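Engineer: Quick one, what's the 3D model for this:
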Amino acid sequence: MKTVTIADIPSIKIQNRESLYQKDIFDQKDGAKHFTFHYSLMEKGGHGQLHSHPHSEHVLMVAEGSLVVRNDKESHALTPGMAILIMPTEEHEIINSFDGRTVYYVIYAPPR
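Structural biologist: Numbering: from 1, shown residues only. All right, here's what the predicted structure looks like:
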């Protein structure tokens, strides 16, 4: 078994995303063969860009603040305790719709 303290993990600024930082909680470097799990922090006004993950399903779960997850067909507002499943190749973008920072967790399977 392996434990981590999220506060001890360094944040990484995500390229091509506005005001998005990530902490890799568990991934292949930790021996996880079937998933990647990370913590994300998006500052006020932060947003991504329309993209997809060709080989991974992924789940986003909001812990603090709120997010809008959308594409050209639909839009979902997520608040704390809500989650969304995004399938491989499904285009999406993420926007911090909160008047402050938003914290959310992401799981990718298989790992990316």
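Engineer: Quick check: phi and psi on the nearest residue to Leu50 once chain neighbours are set aside?
Structural biologist: Leaving aside its sequence neighbours, Leu50 sits nearest to Glu93 (C-beta to C-beta, 6 or more residues apart in numbering; 4.7 Å). Just so you know, the C-beta spots here come from the backbone N, C-alpha and C atoms, and that holds for glycine as well. Dihedral pair for Glu93: phi -140, psi 150, per degrees, to the nearest 10.
Engineer: Could you give the bridge partners of Glu93?
Structural biologist: Arg70 (DSSP bridges).
Engineer: so what's it up against?
Structural biologist: Neighbouring residues of Glu93 by C-beta atoms under 8 Å, 6 or more residues apart in numbering: 47-51, 69-71.
Engineer: Next, find the distance separating it from Arg112.
Structural biologist: Using C-beta to C-beta, to the nearest Å, we find Glu93 at a distance of 17 Å from Arg112.
Engineer: what's the answer for Gly100, then?
Structural biologist: 28 Å.
Engineer: Next: Asp72.
Structural biologist: Here Asp72 is placed at a distance of 23 Å from Arg112 (C-beta to C-beta).
Engineer: So if I had to pick from those two, which one is more boxed in?
Structural biologist: Using other C-beta atoms under 10 Å, the more surrounded residue of Asp72 and Arg112 is Arg112, with 13 against 8.
Engineer: pLDDT score for the residue nearest to Pro80 when sequence neighbours are not counted?
Structural biologist: Closest residue to Pro80 apart from its sequence neighbours, by C-beta to C-beta, 6+ apart: Val62 at 5.3 Å. For Val62, the model assigns a pLDDT of 98.
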